[in-house]
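>>> Okay, here's the prediction I keep looking at, along with the sequence it came from:
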Amino acid sequence: MNKRLNKKGFTLVELIVVLIILALLAAILIPTLIGYIDKARDGRYLSNAKACKDAAQAKFVEQYGMNGEVLPDYPIVSGLTVGVETSGADKGKCKSNNGDLDLVYNAFAKDVLSMAGVDPYFFMVAVGSNQAKINRDTESPGLPMSTFDKYTVYYAVYIETEKARPWYYYNGEWTTTSPRFDVNGKKTFNGNNVVMSGPLKDKRLQYYLIANKNKKFPSSPDNQDKTFTPNFWNWLNAMK
């Protein structure tokens with residue numbers, strides 16, 4: 001004999017209570033999960049930033065092995081066609097008074113990114129300057145840089161994607177806070193790229209742009225009059 005089972009479903013009130021509980025759990029858990037995701041993403045971006053910085057340092061050490069000490073006002077990175085005079089008495093010298101160079105699409109930059117295994121939106125480093133020329137006589141020119149300084153990466157800016165926040169390498173540490181100003185609100189760098197405070201005080205830096213997705217043209221001898229993109233200089237000015 002078949003027995004009819006007495007099946008009883010949820011009431012509307014019970015369903016509403018369950019939905020409210022689920023909504024409350026979601027409100028609590030979703031921000032936490034998003035935080036974990038953001039933290040994991042930041043960790044991956046930082047890992048990529050470190051890889052780029054280490055690759056750049058390795059390439060500068062390689063340049064030291066090939067060049068050693070070079071004459072003032074000449075670029076530490078050899079073989080550049082960008083940011084360097086190609087003719088006349090100043091052939092081979094940097095166009096910028098501070099020697100800041102755009103290396104995007106250059107073999108040096110390609111090697112750095114290949115070694116790091118990443119293709120960031122923006123990546124720039126700074127080493128001790130090899131420039132004798134002073135851009136602003138009214139500001140400190142800094143101390144003469146040693147050969148060690150000229151091949152040492154002291155500063156880096158890394159941006160993984162266009163909307164990602166920058167990671168900065170400075171004073172041997174990585175941070176998402178721009179080192180443009182010190183703890184007292186004073187500018188860290190002057191117009192001559194000289195560090196004005198902190199452990200690197202009086203060191204003069206020279207910037208090398210390695211990756212920039214805003215770049216509108218490849219570097220070539222035909223583009224010598226367009227060496228530095230506005231985006232590069234905007235970023236560089238923001239660092240001072």
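Yes, it's here. Since the model is a prediction, treat every value here as computed from it, not as a measurement.
>>> Mind jotting down where the helices sit in this protein?
Assigned by DSSP state H, the helices in the chain fall at 12-67, 107-116, 147-150, 230-238.
>>> Report the angle between the first one and helix 107-116.
When axes from the mean of the first three to the mean of the last three C-alpha atoms, to 10 degrees is applied, the directions of helix 12-67 and helix 107-116 differ by 130 degrees.
>>> what about helix 12-67, distance to the chain center?
Relative to the chain's own centre, helix 12-67 is displaced by 18 Å; criterion: C-alpha atoms, centre = their mean, to the nearest Å.
>>> State the mean pLDDT of it.
Averaged over helix 12-67, pLDDT sits at 81.
>>> Ok, stretch 142-154 next?
Mean predicted lDDT for stretch 142-154 stands at 92.
>>> How about it, which residues are buried there?
Residues of stretch 142-154 classed as buried: 142, 145, 149-154 (neighbour count, 16 or more other C-beta atoms under 10 Å). All C-beta atoms are positioned from the backbone trio N, CA, C, and that covers glycine.
>>> List the contacts of that stretch.
Contact with stretch 142-154 is made by 53, 56-57, 60-61, 63-64, 68-70, 76, 125-130, 169-170, 192-195, 200, 202-206, as judged by C-beta atoms under 8 Å, 6 or more residues apart in numbering.
>>> show me the contacts for Val125.
Contacts of Val125 (C-beta under 8 Å, 6+ apart): 53, 56, 153, 155-156, 207-208, 210.
>>> do you know how far it is from Ala49?
Going from Val125 to Ala49 by C-beta to C-beta, to the nearest Å gives 11 Å.
>>> Also Asp73?
Counting by C-beta to C-beta, the gap from Asp73 to Ala49 is 30 Å.
>>> circling back: could you name every residue contacting both of Val125 and Ala49?
Here Val125 and Ala49 have Ala156 as joint contacts, going by C-beta under 8 Å, 6+ apart.
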